[in-house]
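# Predicted model, plus sequence, below.
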Amino acid sequence: MSVKEIILKRRAYRSIEPFEVNESLIKELAECASLSPSCFNNQPWRFVFVYDKEVLEKIFETLTKGNSWAMSSSLIIVVFSKKEFDCVIGNREYFLFDTGMATAFLILRATELGLVAHPIAGYDEEKVKKILGIPDNATVITLIIIGKKSEQLSPYLSEKQIEIEDKRPPRLKLEDFCYLNKVK
């Protein structure tokens, strides 16, 4: 499968079902993320792979109501970093950008392996940090919900979520975000 085919296949599905998590899968995803570029090769990304049922239950409690569908997941990857882990050039802090690229590599590899890898923003960051022992001065950037795509709709989905489950949400037109030579 080509990179473009994987990009086209990737979707943020919410109707997921559990699957068997093993250390081989975790190592595979982490290794792909580790190959991402970063400023001066600082590699500022940090990932906590949460698959222990007791710890997962605690993480589920930090999710907003709109993300209750994620409770079908067998694996949640908590992505975090610190500004101090990466370059700061002038006012530009690279840790978020570099961690985002590594996260994209991980998501694309998960997609290639037939998994759904859905990043979310709806969680209580402070509770996640406390549960996992993440330092207070770190930023929890996203949680990636990992599962197998379910053929049955999740009962946790809202009407809006059901509407977009099997149809890719509209994308911006290229001319709305892509400029030639200068911003008009």
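Noted; the coordinates are in hand.

# could you point out the longest strand in this protein?
The longest strand of the chain (DSSP state E) is strand 139-149.

# strands paired with that strand, and their directions?
Paired strands of strand 139-149, with direction, are strand 16-17 (antiparallel), strand 75-81 (antiparallel), strand 116-120 (antiparallel) (DSSP bridges).

# so which of those strands comes closest to T139?
strand 75-81 (6.1 Å; Cβ to Cβ). In this view, the C-beta of every residue, glycine as well, is placed from N, C-alpha and C.

# Quick check: the gap between P170 and E163.
The gap separating P170 from E163 is 12 Å, by Cβ to Cβ, to the nearest Å.

# Which one's more surrounded, these two?
E163 (11 against 7; other Cβ atoms under 10 Å).

# Would you list the phi and psi of the more buried one?
Per-residue torsions, E163: phi -60, psi -40 (degrees, to the nearest 10).

# Helices of the protein, start to end?
3-9, 23-34, 53-60, 95-112, 125-132, 159-165 (DSSP state H).

# Report all helices and strands that the third one contacts.
Contact here means 3 or more Cβ pairs under 8 Å, 6 or more residues apart in numbering; DSSP states H and E; on that basis helix 53-60 packs against strand 75-81, helix 125-132.

# any idea of the mean pLDDT in it?
For helix 53-60, mean pLDDT is 98.

# List the buried residues in that helix.
Neighbour counts over helix 53-60 (16 or more other Cβ atoms under 10 Å) mark 56, 59-60 as buried.

# and the helix-or-strand element of the chain with minimal mean pLDDT, how far out from the chain's middle?
Between all helices and strands in the chain, the lowest mean by mean pLDDT, DSSP states H and E belongs to helix 159-165, at a mean of 89. Distance of helix 159-165 from the chain centroid (Cα atoms, centre = their mean, to the nearest Å) equals 20 Å.

# got it, and stretch 71-80?
8 Å.

# who's in contact with it?
With Cβ atoms under 8 Å, 6 or more residues apart in numbering as the test, stretch 71-80 has contacts from 16-21, 29, 45-51, 56, 59-60, 63, 70, 99, 103, 106, 117, 119, 128, 132, 134, 138-147, 150, 154, 156.

# Before I go, just wanted to say thanks for your time.
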